[in-house]
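Asker: Here you go, sequence then predicted model.
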Amino acid sequence: MEKQISRRAFLKGGMAAAAGVAAAGMPGSEALAEPDERKQLATLIDISKCIGCEGCVEACSEANAGKYPDPQKPFPKMYPGRVPVEDWSEKQDVNDRLTPYNWLYIQRADVEINGEEKELTIPRRCMHCVNPPCVKLCPWGAAQQQENGISRIDSDLCLGGSKCKKVCPWDIPQRQTGTGLYLDILPSMAGNGVMYKCDRCYDRVADGELPACIEACPEDVQIIGPREDIIKKAHALAKEINGYIYGEAENGGTNTIYVSAVPFEDLNQAVEQGNGKPHLKAVEDTMAQANNLAAAMIIAPLAGIAAAVGKFFKGSKTVSKGA
Ligand code: SF4
Ligand code: SF4
Ligand code: SF4
C-alpha cells in the first residue's frame, strides 16, 4: 500500500519538477554550487520489511546492464605499474558485494531482537549524499549531481583515478580497467578505467518511472519522495517501532534514509565489511572540512578541460563510426 501511495505521489503529486530534472549540464560549473535540499529526492528503506529475496538486485542488473563496462583486452601496460588492474568482466555474476557490474547488494546481519536470533537483510548501494564529496572532489567533473539530488559518474569523462572512492565515506564507487577515455588520451597512465556506482536509475526517474529496485520489491521496502517528506516518514516509522535512523545526518545528510529496530552501531558490528561491502558507522560531514573545500576550489577548473577533451573524443568516435 505504501508503495502505491508512494508511486502515485511520485508520478503525480508535486514531484514533476524534481523527477523531470534533466542530467546536469557542464561539469565544473555546478560542482561548487550548494545543493538545494528542498529539490532533492530521497528514499526511505525500512530494514524490518526486507526478506532478502534479491529481487531488487536482479532488477537493478536488468535495468542497468546497458551501462555496464565493456572493456578492451589485453589491457595496456601501466607505467609506473602502481595502479592495479581491476577486472570484474569475468566475474559479472558476483552479487554479494558492490562491483562495476553490481550496483546494489544485500548485506546480512545476524542480530538478537527481543531475545530471538534473527538475520536482517539490508539493501546497500550509493547513499546519494545531499552534498556528495565524490562529485565535489572529482578533479575531472566526471561525477555530477543533478538538481534532484541524484549523483552519477559520467563514463565518457571518468579517467578511473578513483578520487571519488577515496573521498566517499563508504568507498562506494568501483573501478573497471580497460574502458573509458583514458584509453584514448593516456593509455598507460591516469587511473586505468572507469568508476561505477548506482545512478539511482536517473534515466527512469527523468521519465517519471520509479527506480528499478523500488518497483521490483515485493515487500515495498523502499519508498521515494521529496527529502523533507521522507525524513518525516522516517521519524514517524522510527517512533512507531521504537527504532533508529541512519542517513539523516551521516556525511552531512544523505538521500538514503534507513530505519531499523536495531541500533546501527549493532548492525555495523554484525555486517561483513571490506572492499565493496560498506560499513554502517556514524560519519562526519566530509565537505564541512575546510581542506576538502579548498581542494574543490582548486580542482574545479580542471572539470571544464576534461569535459571538453571528453566531448572531443566522443565526437571523433561518433564521426569515425559514421564515416
Ligand atoms: S526486493 Fe525488497 S525484499 Fe527483496 S531483497 Fe530487495 S529490498 Fe529486500
Ligand atoms: S555515498 Fe559515496 S558515492 Fe554515493 S554520493 Fe555519497 S560520496 Fe558519492
Ligand atoms: S536506484 Fe537503480 S541503479 Fe540504484 S540500486 Fe536501484 S535499480 Fe540499481
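Answerer: Looks like it came in fine. Ligands and ions are numbered 1, 2, ... in the order given.
Asker: Show me what from the stretch 101-250 of the chain comes close to ligand 3.
Answerer: 103-104, 125, 198-201, 211-213 (CB under 6 Å from any ligand atom). C-beta here means a position set from N, CA and C on the backbone, and glycine is covered the same way.
Asker: In helices, which of these fall?
Answerer: In helices, defined here by DSSP state H, the members of those are 212-213.
Asker: you'd agree Gly160 is up against Met189?
Answerer: No: counting by CB atoms under 8 Å, Gly160 stays clear of Met189, with 10.5 Å between them.
Asker: and the helix or strand containing Ala63, what does it pack onto?
Answerer: Using DSSP states H and E, Ala63 maps to helix 55-64. On a contact count with 3 or more CB pairs under 8 Å, 6 or more residues apart in numbering; DSSP states H and E, helix 55-64 meets strand 105-113, helix 212-216.
Asker: Quick check: next helix or strand after the shortest one?
Answerer: By that I understand helix 212-216. Downstream of helix 212-216, the next assigned helix or strand under DSSP H and E is strand 222-226.
Asker: quick revisit: what is the rounded mean pLDDT of the helix holding Ala63?
Answerer: Averaging pLDDT along helix 55-64 gives 98.
Asker: Please name the nearest non-neighbouring residue to Lys165.
Answerer: Pro173 (4.6 Å; CB to CB, 6 or more residues apart in numbering).
Asker: Likewise for Asp285?
Answerer: Computed as CB to CB, 6+ apart, the closest residue to Asp285 that is not its neighbour in sequence is Gly252, at 3.5 Å.
Asker: Now for that neighbour, how many residues are close by?
Answerer: Here the number of neighbours of Gly252 (other CB atoms under 10 Å) works out to 17.
Asker: Lys239 now?
Answerer: By other CB under 10 Å, 10 other residues sit near Lys239.
Asker: Could you do Ser61 as well?
Answerer: Ser61 is flanked by 18 other residues according to other CB under 10 Å.
Asker: so how far is Lys197 from the nearest residue to it once chain neighbours are set aside?
Answerer: Excluding its sequence neighbours, the residue lying closest to Ser61 (CB to CB, 6+ apart) is Asn102, at 7.1 Å. From Asn102 across to Lys197, the span is 10 Å (CB to CB, to the nearest Å).
Asker: Give the burial count for Glu147, as a bare number.
Answerer: If we define neighbours as other CB under 10 Å, then Glu147 has 18 of them.
Asker: and it, backbone torsions?
Answerer: Main-chain torsions, Glu147, degrees, to the nearest 10: phi -60, psi -30.
Asker: how close does it sit to Ala206?
Answerer: To Ala206, Glu147 is 11 Å away according to CB to CB.
Asker: again with Asn275
Answerer: Separation of Asn275 from Ala206 (CB to CB): 31 Å.
Asker: neighbour-wise, which of the two wins?
Answerer: Ala206 (16 against 12).
Asker: Point out where this protein drops to low pLDDT.
Answerer: 1-34, 190, 290-323 (pLDDT under 70).
Asker: 50 instead?
Answerer: Applying pLDDT under 50 to the chain flags the ranges 1-31, 317-323.
Asker: End to end on stretch 183-195, go ahead and measure it.
Answerer: 14 Å (CA to CA, to the nearest Å).
Asker: How about that stretch and ligand 2, any contact?
Answerer: No: shown here: stretch 183-195 not in contact with ligand 2 (CB under 6 Å from any ligand atom), separated by at least 8.8 Å.
Asker: buried residues in that stretch?
Answerer: For stretch 183-195, a neighbour-count test (16 or more other CB atoms under 10 Å) marks 183, 190-195 as buried.
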